[in-house]
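Asker: coordinates only, sequence not included:
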Ligand SMILES: NC(=O)C1=CN([C@@H]2O[C@H](COP(=O)(O)OP(=O)(O)OC[C@H]3O[C@@H](n4cnc5c(N)ncnc54)[C@H](O)[C@@H]3O)[C@@H](O)[C@H]2O)C=CC1
Ligand SMILES: O=C(O)CCC(=O)C(=O)O
């Protein structure tokens with residue numbers, strides 16, 4: 001039963017500032033409950049509680065931290081159909097997608113529980129002293145410690161896996177950081193259900209109350225106050241480039257600037273090399289549209305740009321893609337704002353003198369239904385207008401007709417930072433692939449061969465990140481176990497008496513977690 005309240009450090013809290021969830025499929029408010037918008041005082045209370053929880057939470061035995069993460073997964077699963085129904089109603093996404101996303105969310109919480117127990121993330125290094133050396137060498141011992149309270153912005157497009165208990169929250173909690181979530185206004189009921197699950201898990205596993213809070217609100221001041229709060233030590237964000245950049249400015253302008261991990265925008269180029277295009281262009285056209293249309297195109301990994309050498313083989317690909325896209329029904333988008341931004345994005349592309357409209361999908365029959373669109377442009381014109389390369393969030397993509405491989409490679413080299421690049425590559429294309437790889441490594445976070453970029457696997461070797469503006473910090477990932485590193489920093493202890501050292505740094509205490517001791521990996 002939803003109450004429409006905030007969660008501040010284990011307590012529910014009401015507010016007179018109310019807003020309503022929206023059903024994007026009908027365009028109408030969901031009337032059963034209204035939701036509390038946080039005041040700046042609520043944000044400050046959540047941050048103060050997170051700061052108070054930091055020392056007790058970050059020093060708990062790792063086993064207890066891991067059990068907390070597992071308990072969150074179990075509590076989310078126990079929400080059952082109520083969670084799936086609410087998330088579908090608030091997002092317009094179908095039950096199969098939300099059910100899959102729930103599995104991914106619980107799975108990534110359990111992955112981080114295993115990561116916490118594993119302990120290697122502490123990256124212990126020990127250089128023993130050598131008093132006989134001239135000058136004498138000190139005893140140095142290093143470990144990673146958590147940064148402090150973390151602010152997480154729930155994303156609209158993944159109401160579970162990138163939201164209240166999503167990857168940013170799971171990795172920050174795993175690192176030992178209390179979390180204050182700014183919920184997305186597009187799914188407040190879903191957020192409340194998940195916040196309840198986290199709060200119950202915190203209570204049943206004996207966590208300090210301030211380990212988690214959820215603040216909502218329709219006004220930007222909630223997020224602004226959160227990022228500016230002096231107790232917040234890092235930020236995780238998934239959303240628009242404008243939103244991410246606004247928060248980056250706030251983080252940088254603080255008296256004590258903090259790291260912000262913002263995942264913002266990408267067009268995720270797909271490069272079809274000539275032999276693959278000749279051998280399988282028609283099949284690739286249909287498969288490309290299946291990836292493009294997934295989740296109404298509302299994936300940050302959506303393939304928004306396709307590059308290939310011009311000619312009859314590319315015509316065959318475009319024909320097949322066009323046929324598949326024409327048959328695409330219009331899909332309900334997450335919010336009216338996102339649908340409007342999609343319509344504007346397509347209109348701007350269509351208005352470019354360099355762009356040809358290839359085809360469109362079926363027209364929408366209800367509110368907020370995005371109509372698929374495919375465009376093409378000549379390689380020599382692609383960089384003439386920045387609009388060709390802007391993320392259009394929805395089922396829209398641009399096929400780039402390059403004169404030859406040299407033009408294709410030069411064009412790829414001038415793209416902005418991206419989350420992914422995809423190569424469709426047959427054996428005879430390997431020499432061209434080898435020329436492209438060093439260019440792509442400079443530009444993207446993940447390079448895919450003969451697959452599609454949508455659907456990020458949650459694992460140990462995943463990078464969901466990339467150079468600016470795909471993210472604000474290319475040195476990390478927001479998906480997979482390495483995401484824990486974003487919320488850690490190294491501390492070195494020099495000539496510290498053994499009784500004062502953190503136990504993990506004492507001699508012989510690293511049996512199962514690996515360590516670099518006197519330069520050698522143990
Ligand atoms: N690349 C990606 O992964 C995604 C891109 N988007 C893009 O973002 C557009 C809008 O979608 P939203 O999900 O609403 O993203 P958004 O960036 O507008 O909002 C995300 C969160 O950040 C907060 N926020 C945004 N601007 C802010 C500011 N200036 N100050 C303080 N807080 C701020 C919002 O309140 C919300 O909680 C979409 O049309 C799409 O273009 C959205 C979701 C994912
Ligand atoms: O799983 C995926 O492909 C997409 C992830 C995504 O869209 C996001 O990070 O917002």
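Answerer: Looks like it arrived, so ask away. All values reported here derive from a predicted model rather than from experimental measurement. Numbers count the residues shown, from 1 in each chain. Ligands and ions are numbered 1, 2, ... in the order given.

Asker: from memory residue 402 sits against residue 432, does it?
Answerer: No: using Cβ atoms under 8 Å, residue 402 makes no contact with residue 432, being 11.7 Å away. For the C-beta atoms, the positions are set from N, CA and C on the backbone; glycine is no exception.

Asker: Tell me which other helices or strands the longest helix along the chain touches.
Answerer: Longest among the helix segments of the chain by residue count, using DSSP state H, is helix 95-118. When contacts are defined as 3 or more Cβ pairs under 8 Å, 6 or more residues apart in numbering; DSSP states H and E, helix 95-118 packs onto helix 62-78, helix 80-91, helix 167-175.

Asker: what's the angle between the last one and helix 62-78?
Answerer: If I follow you right, that is helix 167-175. Counting by axes from the mean of the first three to the mean of the last three Cα atoms, to 10 degrees, helix 167-175 lies at 150 degrees to helix 62-78.

Asker: what packs against helix 167-175?
Answerer: Looks like helix 167-175 contacts helix 62-78, helix 95-118, strand 150-153, strand 179-182, strand 234-238 (3+ Cβ pairs under 8 Å, 6+ apart).

Asker: Throw the ones you listed into TSV and include distance to residue 144 and mean neighbour count, thanks.
Answerer: Below are those laid out as TSV (distance: least, Cβ to Cβ, whole Å; neighbours: other Cβ atoms under 10 Å):
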stretch	distance to residue 144	mean neighbour count
helix 62-78	13	20
helix 95-118	12	20
strand 150-153	15	30
strand 179-182	18	28
strand 234-238	13	27
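
Asker: Could you export these as JSON lines, including distance to residue 494 and mean pLDDT?
Answerer: Converted to JSON lines, the helices and strands packed on helix 167-175 look like this (distance: least, Cβ to Cβ, whole Å; pLDDT from 0 to 100):
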{"stretch": "helix 62-78", "distance to residue 494": "25", "mean pLDDT": "99"}
{"stretch": "helix 95-118", "distance to residue 494": "27", "mean pLDDT": "98"}
{"stretch": "strand 150-153", "distance to residue 494": "28", "mean pLDDT": "99"}
{"stretch": "strand 179-182", "distance to residue 494": "32", "mean pLDDT": "98"}
{"stretch": "strand 234-238", "distance to residue 494": "26", "mean pLDDT": "98"}
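
Asker: From ligand 2, how far off is the nearest residue to residue 308 once chain neighbours are set aside?
Answerer: Using Cβ to Cβ, 6 or more residues apart in numbering and skipping residues adjacent in sequence, the residue nearest residue 308 is residue 272, 4.2 Å away. Noted for residue 272: a distance of 20 Å to ligand 2, by Cβ to the nearest ligand atom, to the nearest Å.

Asker: So is the longest helix of the chain next to ligand 2?
Answerer: No: Helix 95-118 stays clear of ligand 2 (Cβ under 6 Å from any ligand atom), getting no nearer than 8.0 Å.

Asker: next helix or strand past that helix?
Answerer: Once the chain leaves helix 95-118, the next helix or strand it forms, by DSSP states H and E, is strand 125-127.

Asker: what comes into contact with that following strand?
Answerer: 137, 139-142, 505, 507, 510, 515-519 (Cβ atoms under 8 Å, 6 or more residues apart in numbering).

Asker: among these, who's most crowded?
Answerer: In terms of neighbours by other Cβ atoms under 10 Å, those top out with residue 141 at 23 neighbours.

Asker: any idea whether that one is helix, strand or coil?
Answerer: strand (DSSP: H, G, I helix; E, B strand; the rest coil).

Asker: residue contacts, it?
Answerer: 124, 125, 126, 127, 492, 493, 496, 501, 505.

Asker: Just give me the closest of those residues to residue 246.
Answerer: The shortest gap between residue 246 and any of the contacts of residue 141 belongs to residue 492, at 35.3 Å (Cβ to Cβ).

Asker: looking at this, the closest one is in a helix?
Answerer: No: note on residue 492: no helix contains this position according to three-state DSSP, which reports strand.

Asker: biggest strand in the chain, by residue count?
Answerer: strand 28-36 (DSSP state E).

Asker: what's the angle from that strand to helix 80-91?
Answerer: Using the same axes, to 10 degrees: strand 28-36 against helix 80-91 is 110 degrees.

Asker: so how far is strand 28-36 from its chain's centroid?
Answerer: Relative to its chain's centre, strand 28-36 lies at 27 Å (Cα atoms, centre = their mean, to the nearest Å).

Asker: cool, and stretch 451-465?
Answerer: Relative to its parent chain, stretch 451-465 has a centroid offset of 11 Å by Cα atoms, centre = their mean.

Asker: quick check, that stretch touching ligand 1?
Answerer: No: judged by Cβ under 6 Å from any ligand atom, stretch 451-465 stays clear of ligand 1, getting no closer than 9.9 Å.

Asker: residues in contact with that stretch?
Answerer: The contact list for stretch 451-465 (Cβ under 8 Å, 6+ apart) reads 104, 107-108, 111, 167, 263, 268, 270, 287-288, 290-291, 294-295, 299, 301-303, 419-420, 422, 445-446, 471, 473-482.

Asker: Doesn't residue 51 belong to a strand?
Answerer: No: going by three-state DSSP, the assignment for residue 51 is helix, not a strand.

Asker: Could I get the contacting residues of whatever residue of the stretch 1-150 of the chain ends up closest to ligand 2?
Answerer: For the stretch 1-150 of the chain and ligand 2, the shortest gap (Cβ to the nearest ligand atom) falls at residue 104, measuring 8.0 Å. Residues counted as contacts of residue 104 (Cβ under 8 Å, 6+ apart) are 160, 161, 458.

Asker: do the same with residue 11
Answerer: Contact analysis of residue 11 by Cβ under 8 Å, 6+ apart lists residue 209.

Asker: Tell me how far it lies from ligand 1.
Answerer: Taking Cβ to the nearest ligand atom as the criterion, residue 11 is separated from ligand 1 by 22 Å.

Asker: So in terms of bridging, what pairs with that residue?
Answerer: residue 8 (DSSP bridges).

Asker: Against residue 203, how distant is it?
Answerer: 11 Å (Cβ to Cβ, to the nearest Å).
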